[in-house]
Each structure stands twice: as C-alpha cells, then as structure tokens.
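Asks: Provided below for reference: sequence and predicted model.
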Amino acid sequence: MPIIDKRQRRIERANLSASTQKAREWIQKKADELKSSSRRDLLRDTKRKETAFHLGAMYFFVYNPKTKDTLPRYDMFPLVIPFDRFGDGFIGVNLHYLSVGTRLGLLNQLSVFTNDNKYDEKTRFTFTYAVLKNLPIDAKPAVKRYLTSNIRSRFIKIDASEWDIAASLPVESFIYPEKNKNASPI
C-alpha cells in the first residue's frame, strides 16, 4: 500500500476528514516533528532510543566502519532497515545511499511486505534480500553490512507512521576517506 494511502488511513483513524483544515494541520504537525530534527536532536530523543535492533524496523544510529579507510565513502549517521542478522551484526538497507525520491519509491514498494497494516510502533518490514533484488527500484547500492561493535550510539527507532518523513530528512553524514587523504593539514 502506498505511503500516501497510509497517511489517508491515519487521518481516517483519527476521525478527521482529509478536506478539513484540522486534517491538514495534523499532517503538517507530524511532518514538522521529524523534519525539524537534526542528528543531535534525534540522538537526544530518549523516547526513541533502543539498545538492540529488530529486523524490519527502521533506525538511525552513529556508525564508524571497520574498513573506513578502504571505502570510497561511508555514512556515519545511517538510516537503516535491518533485514538479516549475523553473529557480529546485520545486513540492512541504508536509505541514505539512495536519492530522496528513490527512497520514497522503495518504501512504497516495500510497504506490501509488512507484518501488519496498522503502521504503528509495532509494524515492521518482512522482506528478504531475494525480494529486495527483484523490485523495480535498484536498492542494491544501499545494502550494507554493519558490525555491532562499530555502532557508536543507541538505535534511534523510527515508527512506521514516520518512515516516509525520516527518509526525507537531510541528516546523512557521508565521509569520503580518499579525498581526506589528499587534503593538506592546516
């Protein structure tokens, strides 16, 4: 189900008509709650912090890759949907490796792979890599492996009702190690 349809259902559940001013204000308030957030604000939000991750949920966190010097670039503040677990970490889709439009398109395509239709704090994605690689949108550049030993913050959980908003936030923090090697120290 497309994200726009999800918003419409949330409005209906709140007994609001989509054509009323109250509904427009409600949507704007929900969007502003996350859009006004910076990386620092998100990391300070104690209501969202979790010590462990769940497959299919969406999280922000601070990350310092083990092999950062060999990577062309990496995101220190990824927005990830973990979908496979390993003993030392997980594999997930870091939405920041996609353009905002592609992120939202991917979320729309993945919306049929959720554990329920409530789109609340318990809703999670249920896709696998096989599903991901067969979608019309190429998400492979965003599939990354994360080592739990290199996570430098708690997980900041994003509820399903805010997935599309979080995916639109300009909070990615890309580092380009190769460019930094050639920079002269000042």
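Replies: Sure, I can see it.
Asks: Show me where this protein has its strands.
Replies: 49-50, 58-60, 74-75, 79-86, 89-94, 143-147, 155-158, 174-175 (DSSP state E).
Asks: roughly how far out does the fifth one sit from the chain middle?
Replies: Read that as strand 89-94. Remark: strand 89-94 is offset 11 Å from the chain centroid, using CA atoms, centre = their mean, to the nearest Å.
Asks: in the protein, which segments are predicted with low confidence?
Replies: For the chain, residues meeting the criterion pLDDT under 70 lie at 1-40, 42-46, 179-186.
Asks: that older thread, need the strands of the chain in JSON lines (columns: mean neighbour count).
Replies: Backbone N, C-alpha and C define where each C-beta goes, glycine included. Shown next, in JSON lines, are those (neighbours: other CB atoms under 10 Å):
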{"stretch": "strand 49-50", "mean neighbour count": "14"}
{"stretch": "strand 58-60", "mean neighbour count": "25"}
{"stretch": "strand 74-75", "mean neighbour count": "20"}
{"stretch": "strand 79-86", "mean neighbour count": "20"}
{"stretch": "strand 89-94", "mean neighbour count": "21"}
{"stretch": "strand 143-147", "mean neighbour count": "17"}
{"stretch": "strand 155-158", "mean neighbour count": "22"}
{"stretch": "strand 174-175", "mean neighbour count": "13"}
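Asks: Distance-wise, check the residue minimising distance to the centre of the chain relative to A130.
Replies: Nearest to the geometric centre of the chain sits L79, at 3.7 Å (CA atoms, centre = their mean). Noted for L79: a distance of 23 Å to A130, by CB to CB, to the nearest Å.
Asks: How about Y63?
Replies: For Y63, the distance to A130 - CB to CB - is 26 Å.
Asks: which one of these two has more residues nearby?
Replies: Y63 (21 against 7; other CB atoms under 10 Å).
Asks: Do I have it right that that one meets N150?
Replies: Yes. Under the criterion of CB atoms under 8 Å, Y63 makes contact with N150 at 6.1 Å.
Asks: ok, back up a step: which one of the strands of the chain lies closest to L106?
Replies: strand 89-94 (7.6 Å; CB to CB).
Asks: Who are the packing partners of that closest one?
Replies: Judged by 3 or more CB pairs under 8 Å, 6 or more residues apart in numbering; DSSP states H and E, the packing partners of strand 89-94 are strand 79-86, strand 143-147.
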